[in-house]
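*Asks:* curious how this folds, go ahead:
(one chain, ligands or ions: 1)
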Amino acid sequence: MKTLDFRSDTVTQPTAKMRQAMASAPVGDDVYGDDPTLNELEELSAKILGKEAALFVPSGTFGNQVSILTHTKRGDEIIVGFDAHIVWHEVGGAAVISGVQTRTLNTDYGIYDMEALKNLIRGEDIHYPDTGLICMENAHGGGKVVPLEHMKAVYELAKGRGIPVHLDGARLFNAAAYLGVEAREITQYCDTVNVCLSKGLGAPVGSMVAGDSRFIEKARKMRKLMGGGMRQAGILGAAGIIAITEMVDRLKEDHANAGILREKMAAFKGVQVDMDRSHINMVFFKASEEDFPSDRVVAGLLERGIKVNGPEGGEWRFVTNKDIETEDIDTLVNALKEVLE
Ligand SMILES: Cc1ncc(COP(=O)(O)O)c(C=O)c1O
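*Replies:* You can find the predicted model right below:
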């Protein structure tokens, strides 16, 4: 029985082509700069992301944290959305690793109130920390894409105040697919970006950080400090090259499948699908325990070879990914009907 996994887009298996490329990748010691496959991935990524240079890092969390560490000095303040991955899901890394204070800002799924943002930027005062960085997230983990005009407005405000902007673009290519633009049209409005290879793009491991050459040179040293200097990492980079060159165009299939799933979920009794947060490959819904008992749903689906996470904060999230075909949506829906009967 094929297992279907709707828990995330991180759960995908590497493609056969990725596995072959990994097996035959030319490699060398990347701490010496000697890994030709990683060098190729970094050059390619920089070009695709419209930046001078790029750096391979083990994960999206690592990419964000090494970027914060590289941009800031201890005691700085960083401005970041209250609901950002950097705030919720990175174990307080900004405080632990960089020694910075996090100043959070209300957001509408990644969109800031410009007045509120302006007011958070510190002026000169003996009591104040320096504002060292403004962070954005696009696509936002809440399932929406931040429009280009808003990215531009934040970037211009930051530039005017001499503050760098870091973009958590774990799902940057999903945002680009939704907006119908090239990734670099989004990244023109940030100084640095972190992009995950191991989510919708299907690579087993890794993220890319991109920025100007000086930043990336310093980030390479900070990556070493954080224990992320990897040796023959071209084995991983080989899959990354396929991810970033061949897997981007198929993200719209995940978005379309999520659209089908949204419609079908909305037909279940007691289920309210959030049709507003529908830009990418995520389906969010609330459901009454009476009509949609969470423990029974999770266990019943698992018995039928389908993995889903239970609700978090009262909300369910089903995620489509490269290992979910359109017909698998019906398999999920039919299994749900059986479980709920
Ligand atoms: C928006 C966002 N940023 C960063 C990350 C971190 O990526 P990783 O799980 O590779 O550390 C994730 C992971 O889900 C994410 O959704």
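*Asks:* tell me which residues of stretch 240-257 come out buried.
*Replies:* Across stretch 240-257, burial judged by 16 or more other C-beta atoms under 10 Å covers 240-244, 247-248, 251, 253-255, 257. Glycine gets a C-beta too; all of them are placed from N, C-alpha and C.
*Asks:* near the ligand at all, that stretch?
*Replies:* No. Taking C-beta under 6 Å from any ligand atom as the criterion, stretch 240-257 and the ligand are apart, separated by no less than 12.6 Å.
*Asks:* what does that stretch contact?
*Replies:* By C-beta atoms under 8 Å, 6 or more residues apart in numbering, the surrounding residues in contact with stretch 240-257 are 9, 15, 17-18, 21, 37, 40-41, 44-45, 48, 56, 173-174, 176-178, 183, 197-198, 200-203, 206, 208, 279-281, 320-322, 324-326, 329.
*Asks:* quick check: residue 284 is in a strand.
*Replies:* Yes. Under DSSP: H, G, I helix; E, B strand; the rest coil, residue 284 sits within a strand.
*Asks:* excluding covalently adjacent residues, which one is nearest to residue 335?
*Replies:* Closest residue to residue 335 in three dimensions, ignoring its sequence neighbours and counting by C-beta to C-beta, 6 or more residues apart in numbering: residue 304, at 4.4 Å.
*Asks:* which of the buried residues of stretch 240-257 fall in helices?
*Replies:* Using DSSP state H to define helices, the subset of the buried residues of stretch 240-257 located there is 240-244, 251, 253-255, 257.
*Asks:* residues contacting the helix or strand encompassing residue 157, please?
*Replies:* Under the criterion of DSSP states H and E, residue 157 resides in helix 148-160. Contact partners of helix 148-160, identified using C-beta under 8 Å, 6+ apart, comprise 111-112, 114, 117-118, 121, 134, 136, 138, 164-165, 167, 179, 181, 185-186, 189-190.
*Asks:* my guess is residue 132 is in a strand, correct?
*Replies:* Yes. The assignment for residue 132 by three-state DSSP puts it in a strand.
*Asks:* that one: neighbouring residues, count only.
*Replies:* Burial of residue 132 is recorded as 21 neighbouring residues (other C-beta atoms under 10 Å).
*Asks:* next to the ligand, which bits of the chain? Give me the list.
*Replies:* Applying C-beta under 6 Å from any ligand atom, we find that the chain lies next to the ligand at 59-61, 64, 85, 137, 141, 168, 170, 196, 198, 207.
*Asks:* okay, now the domains of the protein?
*Replies:* Following the assignment in automatic domain parsing, the chain carries domains at 16-246, 250-340.
*Asks:* deepest-packed of those domains, please.
*Replies:* Between the domains of the chain, the one whose residues have the most neighbours on average, counting mean count of other C-beta atoms under 10 Å, is domain 16-246 (a mean of 20).
*Asks:* that one: how far from the chain's middle?
*Replies:* In this view, domain 16-246 has its centroid 9 Å away from the chain centroid, taken as C-alpha atoms, centre = their mean, to the nearest Å.
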